[in-house]
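Trainee: From the sequence below, what's the structure:
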Amino acid sequence: MKTITTLLTLSVLFVAASSLSAATAKSYQVTGPVLAVGSSSITVQKGTEKWEISADAKTLGTVKVGDKVTVYYTMVAKSVEVKPAADSSAAKAAAPSSIKSTKN
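Mentor: Okay, the predicted model is just below:
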């Protein structure tokens, strides 16, 4: 459950996603009662899971604890860190093979 909360908190950029890439990002939704409202997030109960989603004051409006809401959101990567695989066939293909040199 904590993993889902962390993933959603890090992945969901409500304002940025809606203003910068809403046309390309897939939309999702979660419906349930509001458990908590902060200055930059909302926590919604969905079944046995708690979903914490980033949002701004404009998006949250007059939402209060106990309200039943449907939150529409997108997941947008903030950055991507690439670490090559240790056993990469592409890396092996690019590496020079052992060549024996003979001198006369």
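Trainee: quick one, helices of this structure?
Mentor: For the chain, helices defined by DSSP state H occupy the ranges 2-11, 14-20, 57-60, 89-94.
Trainee: Quick check: which ranges of the protein have low pLDDT?
Mentor: Applying pLDDT under 70 to the chain flags the ranges 1-23, 88-104.
Trainee: tell me the strands in it, going along the chain?
Mentor: 27-37, 41-46, 49-54, 68-74 (DSSP state E).
Trainee: Arrange these in JSON lines, one row each, with mean neighbour count and distance to residue 83 as further columns.
Mentor: All C-beta atoms are positioned from the backbone trio N, CA, C, and that covers glycine. Below are the strands of the chain laid out as JSON lines (neighbours: other CB atoms under 10 Å; distance: least, CB to CB, whole Å):
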{"stretch": "strand 27-37", "mean neighbour count": "14", "distance to residue 83": "28"}
{"stretch": "strand 41-46", "mean neighbour count": "19", "distance to residue 83": "30"}
{"stretch": "strand 49-54", "mean neighbour count": "19", "distance to residue 83": "26"}
{"stretch": "strand 68-74", "mean neighbour count": "16", "distance to residue 83": "26"}
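Trainee: Kindly reformat those strands as JSON lines and extend each row with distance to residue 84.
Mentor: What follows is the strands of the chain, written out as JSON lines (distance: least, CB to CB, whole Å):
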{"stretch": "strand 27-37", "distance to residue 84": "31"}
{"stretch": "strand 41-46", "distance to residue 84": "35"}
{"stretch": "strand 49-54", "distance to residue 84": "31"}
{"stretch": "strand 68-74", "distance to residue 84": "29"}
